[in-house]
Every structure is written in structure tokens, then in C-alpha cells.
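S.K.: Provided below are the primary sequence and the corresponding predicted coordinates.
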Amino acid sequence: MATSFRASEHQHIRYNPLQDEWVLVSAHRMKRPWQGQVEPPPLTTVPRHDPHNPLCPGATRANGEVNPDYEGIFLFDNDFPALRPDAPSPGPSDHPLFQAEAARGVCKVMCFHPWSDVTLPLMSVPEIRAVVDAWASVTEELGAQYTWVQIFENKGAMMGCSNPHPHCQVWASSFLPDVAQREERCQRAYQNQHGEPLLMEYGRQELLRKERLVLTSEHWLVLVPFWAVWPFQTLLLPRRHVRRLPELTPAERDDLSSIMKKLLTKYDNLFETSFPYSMGWHGAPTGSEAGANCDHWQLHAHYYPPLLRSATVRKFMVGYEMLAQAQRDLTPEQAAERLRALPEVHYRLGQKDRETAAIA
């Protein structure tokens, strides 16, 4: 008698229609004992202000500039940018196997808060709302000139972040990066074939199926994608059709701030640690592409956290993942169930604060 398929027991591959990729799901591997690398625990205490930290108010940065004594958002040009606005063009290629094209742009750093010992889940909803407004503003400002504006946050040393001060980066480029190109192509093809945006239909389907939902609110959904690669990867989607961050209404920005705080609190609560991740926003291209028909685009944010079994055991993307295709152990449904069950009050709050938050 043939064995019936169970996603939590039997390996299978899943398709990512947003980026035209497949992922191997091997949930049975979670039963194997872990004898690999164990990461050092993150710093338990970070000084609120360090005069030698180049992101702190009043500190001197590597280029000699002194930061203002900012009390909210602080946005400045990256002192070591990967993109500059005035780079020369490499000129025409002499062979199809050796192509190079011009790459111009700007890189900025955005500090979320003057204190180094807070992260987004520990900030207030109004403070997070200020971050959302700053994201929308910088997208509009740089998007007036550049084709792509990539907002991203690397949180934690595990994700290559060398500074614990709460901040993100903004890179604006004259070209459309690879992932953005794939999402452009896939969303356009889906719209042409089915007559509606891919992520609008996907969000509706996930609301009906419910098994991968983590959080829902009046204007937003948080879910573990059917095709998730990272163990506790999530996708943040607006319910309304929105192409870019600046299009969000005040109500949607308020709601976004609230649901972000809840999601990131759940992340921290999972292993009771400051949860590392890389996250970023994707929206319709800007600059010279802004006037084109971009109705196939739906604004969304990706969260890619590496932790798998504990605060010190991470998922490595090596070997098969580098040479063949992505692979995951925990199923997306199992990950969503674990995240859903977690409290929305941060583990670092005292019992009195927990009770106050529960009453509120």
C-alpha cells in the first residue's frame, strides 16, 4: 500500500512564483541531532550612548563629521558607499562574455532612535511610525532620480551588522537589481495571464487557507510564505493594492507600525533573544520607470531570519543551497504555527508591564 504524502514528514519541492525559484523542503531532517557550529550568544547589554560609536548622537564619524544631537530619525550619507552618483561608465564591451555597464547611485544610513540599547520591537508605536514615514520620504526623494530604492535592515552580528545601534540602510541605484528584475518579470507575467496582481491574489488565498498566517490587522497581513527558504521567514503585505511606500495612507502607516512591533516582538520571544534578520522593502521601480504601468506590482517586505533551533543555532546556506537550490528543514506551516502561538508582549518586559499590556 502506497504511503500517503504528509508535508511534515516527506520531502518535496515548492515553487516561488514571485522570484521563479524552487525550494526543497525536508522537514524530517529536524529530527537529526545538531553537532555543528553554535553561535556565541549576542551581547546582553549595550550601552545606551557610546561617544565612540559613530552612529550615536554627537559622535564623530570616520570622515570627521560630527553627528547632531538628534532625538528621532537621523538620515545621512554613508561614509563608505557601494554606489556613488558620479562614477564613470566602463564603455562598450568587446565581447558578449565580458559585459559591464554603468552603475550609479547613492547610499544612506538611517538611525531609528538616539539610544543604542533599543531595537524596533522595543520602540513605541509612534516611534516606529516615524521610521515608516522616513522610509516613505526617502523612497520618494531618491526615487525621483533613481530606478530602484532598496531599504534594508541587517539586525545582529549574525547578519553582518557591525554596529548594534538601531539603523537601516538605503541604497538607490540607476539599474534594477537582479531580485527586483525577477520580481518585475514574475509579477508582470502573472498579471498578463490572470488579470490581477500576483501578491493580491496570494494574500487572498492565504487569508482563506489560514495555515501560514502569523498576524492580521485591518490593513496588513504577516505570513510565512508557502515557498519560504529561511526557517522563520515572513512576508508583510498590505491588504489594499499599493505599489510603493509613499502611497500608504496615514491609517495604513499607523497599522503597519503596530503590526511590525508585534511581529518583531514575536521574533524576539521565539528564543528569548534579540532576533537577527535581514529585511527589506520591495515596491514598483521608480525614477525613469515611475511613469510606466506598474499595476502588476504590490508593495511588500521580506524578513529573512537565520535562527533555526535556538538562539545559537542558525541555518547555513552552503553546499547544496549554493550549488543546486535552496533547502529548508522546518515546514512553513510549522514555522507559522510556532510564531502565531508566541505572545505579543516582549519577553524583556517585567511582569507588571505584561499585566498592563494585557489589560490594554
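M.R.: Okay, I see it. Note that this is a predicted model, so its numbers are computed, not measured.
S.K.: what about the helices in the stretch 251-360 of the chain?
M.R.: With DSSP state H, counting those that start in this stretch as the criterion, the stretch 251-360 of the chain has helices at 320-323, 332-340, 351-359.
S.K.: Of these, which shows the lowest average pLDDT?
M.R.: Comparing these by mean pLDDT, the weakest confidence falls on helix 351-359, with a mean of 57.
S.K.: need the strands for the protein, in chain order.
M.R.: 12-16, 21-25, 74-77, 105-111, 148-155, 167-173, 213-216, 220-223, 234-238, 277-282, 300-304, 307-310, 313-314, 326-328 (DSSP state E).
S.K.: Next, the angle strand 167-173 makes with the fourth one.
M.R.: In this structure, strand 105-111 runs at an angle of 170 degrees to strand 167-173, with axes from the mean of the first three to the mean of the last three C-alpha atoms, to 10 degrees as the basis.
S.K.: Next: the longest one.
M.R.: Counting by the same axes, to 10 degrees, strand 148-155 points 160 degrees away from the direction of strand 167-173.
S.K.: ok, N192 - how many residues close by?
M.R.: Applying the criterion other C-beta atoms under 10 Å, we find 9 residues in the vicinity of N192. (C-beta placed from N, C-alpha, C; glycine too.)
S.K.: Give me the distance between it and H296.
M.R.: 8 Å (C-beta to C-beta, to the nearest Å).
S.K.: How about D133?
M.R.: Spatial separation of D133 from H296 under the definition C-beta to C-beta is 26 Å.
S.K.: Ok, G72 next?
M.R.: Note on G72: its distance to H296, by C-beta to C-beta, is 36 Å.
S.K.: More neighbours: these two, which one.
M.R.: H296 (22 against 12).
S.K.: The more buried one against R185, yeah?
M.R.: No: with contact defined as C-beta atoms under 8 Å, H296 does not reach R185; the gap is 9.9 Å.
S.K.: confidence score at the residue nearest the centre of the chain?
M.R.: The centroid of the chain falls nearest to M279 when counting by C-alpha atoms, centre = their mean (1.7 Å). M279 carries a pLDDT value of 97.
S.K.: ok, it touching F152?
M.R.: Yes: A contact is recorded between M279 and F152 when judged using C-beta under 8 Å, the distance being 6.6 Å.
S.K.: what residue ranges in this structure score low on pLDDT?
M.R.: Low-confidence regions of the chain, defined by pLDDT under 70, span residues 1-2, 30-44, 350-360.
S.K.: Stretch 169-184 spans what distance, first to last residue?
M.R.: Distance between the two ends of stretch 169-184: 22 Å, counting by C-alpha to C-alpha, to the nearest Å.
S.K.: no no, stretch 280-293
M.R.: Its start and end residues considered, stretch 280-293 measures 23 Å (C-alpha to C-alpha).
S.K.: Which residues belonging to it are considered buried?
M.R.: Of all the residues in stretch 280-293, those buried under the rule 16 or more other C-beta atoms under 10 Å are 280-287.
S.K.: Please identify which two of the residues you listed are farthest apart in space.
M.R.: G280 and G287 (18.1 Å; C-beta to C-beta).
S.K.: residues contacting E289?
M.R.: Contacts for E289 (C-beta atoms under 8 Å, 6 or more residues apart in numbering) come out as 147, 176.
S.K.: Would you mind measuring from L122 to V345?
M.R.: L122 is 12 Å from V345, where distance means C-beta to C-beta.
S.K.: Burial check on R29, number of neighbours?
M.R.: Using other C-beta under 10 Å, the number of residues around R29 comes to 12.
S.K.: Start the count at 36 instead of 1 going forward.
M.R.: From this message on, residue numbering opens at 36, which makes the last subject R64.
S.K.: Could you verify my assumption that it touches D364?
M.R.: Yes: between R64 and D364 a contact is recorded at 4.4 Å, counting by C-beta under 8 Å.
S.K.: ok, P260 to R164 distance?
M.R.: Separation of P260 from R164 (C-beta to C-beta): 26 Å.
S.K.: These two: which has the busier surroundings?
M.R.: P260 (23 against 20).
S.K.: Kindly provide the distance from that one to A215.
M.R.: 17 Å.
S.K.: what do you get for L384?
M.R.: For L384, the distance to A215 under the criterion C-beta to C-beta works out to 38 Å.
S.K.: Between those two, point out the one with more neighbours.
M.R.: Neighbours per residue (other C-beta under 10 Å) separate L384 from A215, with A215 holding more: 18 against 15.
S.K.: show me what contacts that one?
M.R.: Residues 183, 185, 317, 320 are the ones in contact with A215 under the rule C-beta under 8 Å, 6+ apart.
S.K.: Over to L155?
M.R.: By C-beta under 8 Å, 6+ apart, L155 lies in contact with 147, 163, 166, 201, 295-296, 299.
S.K.: what's the closest of the buried residues of stretch 315-328 to Y237?
M.R.: Distances from those to Y237 were compared by C-beta to C-beta; the smallest belongs to H317, at 13.8 Å.
S.K.: Spatially, what comes nearest to the closest one if we skip its sequence neighbours?
M.R.: The spatially closest residue to H317, leaving aside those adjacent along the chain, is H335, at 5.6 Å (C-beta to C-beta, 6 or more residues apart in numbering).
S.K.: so that neighbour touches M235, yeah?
M.R.: No: with contact taken as C-beta under 8 Å, H335 and M235 are classed as non-touching, separated by 10.6 Å.
S.K.: V184 is in contact with S209, correct?
M.R.: No: if you go by C-beta under 8 Å, S209 and V184 don't touch, sitting 11.3 Å apart.
S.K.: Mind checking which of the two has more residues around it?
M.R.: Neighbour totals were compared for S209 and V184, and V184 leads with 28 against 18 (other C-beta under 10 Å).
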